[in-house]
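> Quick one, structure for this:
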Amino acid sequence: MPESNPSSLDLALTSWRQALGKDAVLTGEDCDRYGRNCIAVARRISAVVCPCTEAEVEIVVKIARDQKIPLYPISTGHNWGYGSAAPAADDSVIVDLSRMNRVLEVDPVLGVVTLEPGVTQQQLRDYLDQHQLPFLVPVTGAGPTCSLLGNALERGYGITPHGDHFAAVMALRAVLPSGEIYQSAIAEAGGKDVDHAYKWGVGPYLDGIFTQSSLGIVTQMTLALARVPERVELFIFGLPEEADLESGVDAVRALRQSLGDGLGAINILNRLRVLSMIEPYPLEAAAQGKVIPGDMIEAMAKRRRLPYWFGVGALYGTKETVPAMRRRVKKTLGPRSKGLLFFSKSRLGLLQALMSLVPGTLGQVMQERLRTLDETLDILLGRPRETALKLAYWKSGGVPSARDPDEPLDPARDGCGIMWYAPLVPMTARSVRSYVDMITEICPKFGINPLITLTTISERCFDSTVPILFDLQTEGEQAQACYRALFEEGQRRGFLPYRMNLKSMGLYVDRENSVYWRTVERVKQALDPNQLFSPGRYHRGVVPEAALNAAESEMDNE
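Numbers count the residues shown, from 1 in each chain. Got it, this is the predicted structure:
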C-alpha cells in the first residue's frame, strides 16, 4: 500500500517549526487551553503558532497562504464573555501574539506609546512607573492581564479620560493576507513621527477596517495617553427609588454636556449589580437554579443600605478646575440624588485609617466599602485592578479558595459562565426606561438575574453591560437563548450591541439584503480571497476547503 501524502496542515506545521522553532508551534493537548471560554462554545483548534516578531508573523502568513490554512490571531486571548481565545470557526490555527509584548517607544512630550499586541494593562503600568512617566493606562474592567491593543481593536472603552480606546489609536501596522505590511500613507511617505501624532492620515481612512474584522493581523499600535492630572476625585451618588432613574439620567446627560473632558465616564448600576460586588450569591437561589427572589434582593439591599440605583463618576483637572466642577456636580445631581459624596486618594486613606478603629460589624462594613472605593479610584487613576473581573465568579460561588493569591484571575480557566450583552442606549429618560423594562422582563424568563450597568460613552449615548451569568456545564443553551431574546427585542426597540460574542455574530451578519454586510464581503474578497484570516468573524466567511480536511491525510495515491 503506498504511503499517504502529508496533509496541508502537516506541511504548514513542519514549515512553521523550521522557521519559528519547535517551542513556538503547539498541537494536540497543548492547544486545549485556547479553547476554554466563558460562553459555552466548542471549537476544534488545528494548532497554535506563537510568533515573537512582526517578521515571524509575515512568515506564518506566507506559509498559511501557500497551504491554504485559516489563521485566527489573538493578542492575549482574554476576551472574557465574548469567546476568550477560541476561534470563530472550527479547524483554524490560532496565532498567539502574546509573546510580542514589547513597549517599543514612548514619547513623553507628545504623550504617545507604541506597543505590540501582547502588552497588557499591567505591563504598561509597570513600564510607566519604572520610567517615571506621568500617564494613565487606559484600563478596563477586564483586568491587568488583558491586551491594550486587543481591546482597542474590539473598540472597547473604559472610564479614564481617553474612554474610547480606538479613538486614542493614532497609528497601526498590520500584516495583510497577502503578506504585505499595511501602514498609513503618511508613514509610508516617511512621516513616522507625525503619523504617531495625527490619527487620520491622508486619503481614505483605512485603519478602522482592522477593528472588529478579519482583514489583517495588527502587529503594533500607537496610542495617545492621558496625562496624570493634578487632581482626581471620585464621586458617588444614589437614586433611592426605582422611579428616580429618569431624573438621574437627565442629570447625568446635563453633566456630560456641560463639563466636557474634565468629567470621566459615569456608571449607573442597579442594586443587584452592586450586590454582586459585595455579597456572595445566595445559596438558596443557586440550589434551585432560579433567579434571586425580589424579597431576598430587598433584604440584602436593606441590610447593605443600598439605593435602587448607584452612580459613580470622576473629575479630572487642576486644583482650580476640580472644585468648580464639583460645585456643578452638586448643583446638578444634588437635588435629584441622595448621598452625593466626593473622595480623593488622600481622603480615602484617612477614612480607611479611621474606620480601622471602629469595632464590630459597622467597622467591617465601612472598611469593605472604602476598600472597594479605593480600588475604583485606582482604576480611575489608570491602575488596573481585578475588582470588576470577580463578577464572573459570583454565581459559581466565588474565586476558587485553592487559588494561589499571586495568580491572576482567569474566568475561562476556572470554568466561569459569563456572556456579555452590551447594547447602545440613547441617553434619554424615555429610552433608558424602555431598555431597563426590557432587561428586567426578559432575563428572569431564562433564569438570568438582571444585572444592569449604564456607562456614558458620550454626552448622547450609554453603553449598557448586562452579564448573563450561568452554569457553564448545564446552562449554555439557556444563556444563548436569553442573549438571542435580548438581541431580538432590543432590535425591535432600537437598542443594539456595539460588540458581539463568537456565537452571536450571525445575528448581525446573516441579515438578508444588507448593503453594509455585502460591502464588508466585497472588501474581504479583495483583501483575503482565500478566507485565510479569521473566517466567520464579523463576516459571512467560509472556512477554506483545505482546512476542513487538514487533520486527515490526503487520499492514497493509486
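
> which residues are contacting stretch 516-524?
Contact partners of stretch 516-524, identified using Cβ atoms under 8 Å, 6 or more residues apart in numbering, comprise 209, 213, 214, 215, 508, 509, 511, 531, 538, 539, 540, 541. In short, each C-beta sits where N, CA and C put it, glycine included.

> change it to 10 Å
Outside stretch 516-524, the residues that touch it by Cβ atoms under 10 Å, 6 or more residues apart in numbering are 177, 206, 209, 213-215, 508-511, 514, 531, 533-535, 538-541.

> out of the residues you listed, which are inside helices?
Mapping those onto helices (DSSP state H) picks out 508, 509.

> of the contacts of stretch 516-524, buried ones?
Buried by 16 or more other Cβ atoms under 10 Å: 177, 206, 209, 213-215, 508-509, 531, 533-535, 538-541, out of the contacts of stretch 516-524.

> Which of the three states applies to residue 254?
On the three-state scheme (DSSP: H, G, I helix; E, B strand; the rest coil), residue 254 is labelled helix.

> surely it meets residue 332?
Yes. At 5.4 Å, residue 254 counts as touching residue 332 under the criterion of Cβ atoms under 10 Å.

> contacting residues for residue 147?
Remark: with contacts taken as Cβ under 10 Å, 6+ apart, residue 147 is in contact with 74-79, 97-98, 101, 115-121, 123, 153-154, 221.

> do the same with residue 110
Contact partners of residue 110, counting by Cβ under 10 Å, 6+ apart, are 170, 193, 194, 196, 197, 222, 224, 225.

> Quick check: pLDDT value at it.
Residue 110 carries a pLDDT score of 98 in this model.

> Ok, residue 459 next?
Reading off the confidence values, residue 459 has pLDDT 97.

> Can you tell me, leaving aside adjacent residues, what's nearest to it?
Distances taken as Cβ to Cβ, 6 or more residues apart in numbering place residue 256 nearest to residue 459, at 3.9 Å, with adjacent residues excluded.

> Tell me, how many residues neighbour the one you found?
Neighbourhood size, residue 256 [other Cβ atoms under 10 Å]: 20.

> Next one, pLDDT for the closest residue to residue 231 other than its chain neighbours please.
Distance criterion Cβ to Cβ, 6+ apart; nearest residue to residue 231, sequence neighbours excluded, is residue 322 at 4.5 Å. What the model reports as pLDDT for residue 322 is 98.

> now swap in residue 546 and tell me
46.

> go on, residue 144?
97.

> do the same with residue 540
At residue 540, the model reports a pLDDT of 83.

> and it, what is it in contact with?
With contacts defined as Cβ under 10 Å, 6+ apart, the neighbours of residue 540 are 505, 506, 509, 510, 511, 514, 517, 518, 520, 521, 524.

> Can you give me the distance of it to residue 464?
The gap separating residue 540 from residue 464 is 28 Å, by Cβ to Cβ, to the nearest Å.

> what's the burial count for residue 18?
For residue 18, the tally of surrounding residues (other Cβ under 10 Å) stands at 12.

> Equivalent analysis for residue 204, please.
Counted by other Cβ under 10 Å, the residues lying close to residue 204 total 7.

> ok, back up a step: let's have the contacts of residue 540 in a markdown table, adding pLDDT.
Below are the contacts of residue 540 laid out as a markdown table (pLDDT from 0 to 100):
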| residue | pLDDT |
| --- | --- |
| 505 | 96 |
| 506 | 94 |
| 509 | 93 |
| 510 | 90 |
| 511 | 86 |
| 514 | 92 |
| 517 | 95 |
| 518 | 94 |
| 520 | 95 |
| 521 | 95 |
| 524 | 97 |
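
> hey, where'd the helices end up in the stretch 401-550 of the chain?
Along the stretch 401-550 of the chain, the stretches classed as helices by DSSP state H, counting those that start in this stretch are 429-442, 476-493, 506-509, 515-527, 545-548.

> just the stretch 251-400 of the chain next, same as before
In the stretch 251-400 of the chain, helices defined by DSSP H, counting those that start in this stretch lie at 271-278, 283-288, 294-304, 321-333, 345-355, 360-380, listed in chain order.

> re earlier: can you pick out the most distant pair from the buried ones among the contacts of stretch 516-524?
Comparing every pair within these by Cβ to Cβ identifies 177 and 508 as the most remote, at 22.5 Å.

> ok so, going back, for the residue nearest to residue 459, give me its contacts.
When contacts are counted by Cβ under 10 Å, 6+ apart, residue 256 touches 263, 265, 266, 313, 427, 456, 457, 458, 459, 460, 461.

> ok, now how distant is it from residue 381?
Using Cβ to Cβ, one obtains 21 Å as the distance from residue 256 to residue 381.

> swap in residue 429?
In this structure, residue 429 lies at 32 Å from residue 381, with Cβ to Cβ as the measure.

> What of residue 179?
The span separating residue 179 from residue 381 equals 42 Å under the rule Cβ to Cβ.

> So what's the residue count around the residue nearest to residue 487 when sequence neighbours are not counted?
If you skip the residues right next to it in sequence, residue 487 has residue 507 as its closest partner in space, 5.2 Å away by Cβ to Cβ, 6+ apart. By the criterion of other Cβ under 10 Å, residue 507 has 16 neighbours.

> Right, I'll call it a day here.
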